[in-house]
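A.B. asks: quick one, fold the following:
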Amino acid sequence: MDSERYTRGLERLAELDHGAGEKVLKSLEDIAPDLARYIIEFPFGDIHSRGVLTPREREIVTVTALTALGNAAPQLRVHIHFALNAGCTRQEIVEIMLQMAVYAGFPAAMNGIEAARSVFAERDREGRP
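C.D. replies: Down below sits the predicted model:
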């Protein structure tokens, strides 16, 4: 598992949220360790590591896409954390959800708001901005 892509992916995940790579590995090690490796290598080792968009811009796009999908609440919560860690504000996260009401529908926007509310509450409990 020590490929250049894997190492780069773990580094990118660590920039977004220290320990995130280990959480992915741990959550899948008993059933699908290859899936964990693929997640680290492709999205984070290849795509997120490209220099065209900033980490903040990539997280805005990711939060938008996950909100529009409407069926990826766990991943949306993770990426809301990442977006906040990459410099997005809570107000910007809420604004993304409002924009999604127009293009993905009110149910998707409301589900996104609930994910944001959950993340904001968790961060407040932990004393994280």
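
A.B. asks: which strand or helix spans the residue nearest the centre of the chain?
C.D. replies: Centroid check for the chain by CA atoms, centre = their mean gives H79 as the closest residue, at 1.9 Å. For H79, the enclosing helix or strand under DSSP states H and E is helix 73-85.

A.B. asks: now for the worst-scoring helix or strand of the chain on mean pLDDT, which elements pack on it?
C.D. replies: Lowest mean confidence among the helices and strands of the chain (mean pLDDT, DSSP states H and E): helix 20-28, at a mean of 83. In terms of contacts (3 or more CB pairs under 8 Å, 6 or more residues apart in numbering; DSSP states H and E), helix 20-28 is packed against helix 4-16, helix 33-39. Any C-beta I mention is one placed from the backbone N, CA and C, and that applies to glycine too.

A.B. asks: make sure the residue nearest to the centre of the chain is actually in contact with T64.
C.D. replies: No: using CB atoms under 8 Å as the test, H79 is too far from T64 to be in contact (9.7 Å).

A.B. asks: can you get me a residue count around the closest residue to G70 other than its chain neighbours?
C.D. replies: Leaving aside its chain neighbours, G70 sits nearest to A108 (4.1 Å; criterion: CB to CB, 6 or more residues apart in numbering). Using other CB atoms under 10 Å, A108 is surrounded by 19 other residues.

A.B. asks: max-length helix in the chain?
C.D. replies: What stands out as the longest helix in the chain, according to DSSP state H, is helix 106-126.
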